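# here's my sequence, what's the structure:
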Amino acid sequence: MQYQFSAYGHPNIRAAHKTTLEFTKDKEVSLKGDCIIGVNADFDVLELKKFIKSCGNCKVKIEIKTGDGKIRDAIEAGLNPDFFDEKEIVIRRSSFRSSRTLAINSDKSSFEIGNLFGNYLKTPNNRMTIKIFTTIYR
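Okay, here's the model as predicted:
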């Protein structure tokens with residue numbers, strides 16, 4: 001079982017936050033959003049809700065890779081059944097939940113992802129693929 005979407009780079013991506021990371025549907029972002037690692041995300045909140053419901057109480061792996069697949073990383077986290085945001089997906093190291101929070105207790109933040117992906121995230125139109133799939137049932 002999996003769900004996949006795309007997001008893109010932007011010159012204002014800093015990927016410096018140490019406890020969260022975010023994908024947004026916004027095409028433009030300011031330097032204040034230091035947890036954002038992808039813009040112009042094409043996720044469908046209703047399809048994501050179906051995925052979450054079908055997973056039940058499970059852990060997921062969130063794989064992020066460049067368009068050419070040369071750079072990739074993965075995050076493990078638990079899903080938030082209360083996620084329901086049409087514009088943003090937030091993944092948190094903490095257990096804090098809000099309607100924007102897709103996943104909690106993650107093992108990585110934007111800071112770790114940013115260190116690996118470097119300038120790729122800052123380059124407009126650089127596409128990344130984000131795949132979410134079930135791994136471990138709790």
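# gap between Glu86 and Lys108?
Computed with C-beta to C-beta, to the nearest Å, the distance linking Glu86 and Lys108 is 25 Å. C-beta coordinates here come from the backbone N, C-alpha and C atoms, glycine included.
# quick check: closest non-adjacent residue to Val60.
With C-beta to C-beta, 6 or more residues apart in numbering as the criterion, Val60 has its nearest non-adjacent residue at 5.4 Å, and that residue is Ile132.
# report the beta-bridge partners for that neighbour.
Here Ile132 sits in beta bridges with Tyr3, Ile62, as judged by DSSP bridges.
# might you report the residue contacts of it?
Listed by C-beta atoms under 8 Å, 6 or more residues apart in numbering, the contact partners of Ile132 are 2-4, 51, 60-63.
# stretch 13-30 - what's its average pLDDT?
What stretch 13-30 shows for mean pLDDT is 97.
# helices and strands around the longest helix anywhere in the chain, which ones?
As assigned by DSSP state H, the longest helix anywhere in the chain is helix 45-55. Counting contacts by 3 or more C-beta pairs under 8 Å, 6 or more residues apart in numbering; DSSP states H and E, helix 45-55 packs against strand 2-8.
# buried sites along the strand it packs on?
Using 16 or more other C-beta atoms under 10 Å as the test for burial, strand 2-8 gives 3, 5, 7-8.
# got the angle between the following helix or strand past that strand and strand 2-8?
Following strand 2-8 in sequence order, the next helix or strand is strand 20-24 (DSSP states H and E). Following axes from the mean of the first three to the mean of the last three C-alpha atoms, to 10 degrees, one obtains 80 degrees for the angle between strand 20-24 and strand 2-8.
# direction included, what does strand 20-24 pair against?
Using DSSP bridges, the strands paired with strand 20-24 in its sheet are strand 36-38 (parallel), strand 88-92 (antiparallel).
# make JSON lines out of those and add distance to Thr123 and mean neighbour count.
Listed next are the strands paired with strand 20-24 as JSON lines, based on distance: least, C-beta to C-beta, whole Å; neighbours: other C-beta atoms under 10 Å:
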{"stretch": "strand 36-38", "distance to Thr123": "12", "mean neighbour count": "29"}
{"stretch": "strand 88-92", "distance to Thr123": "21", "mean neighbour count": "24"}
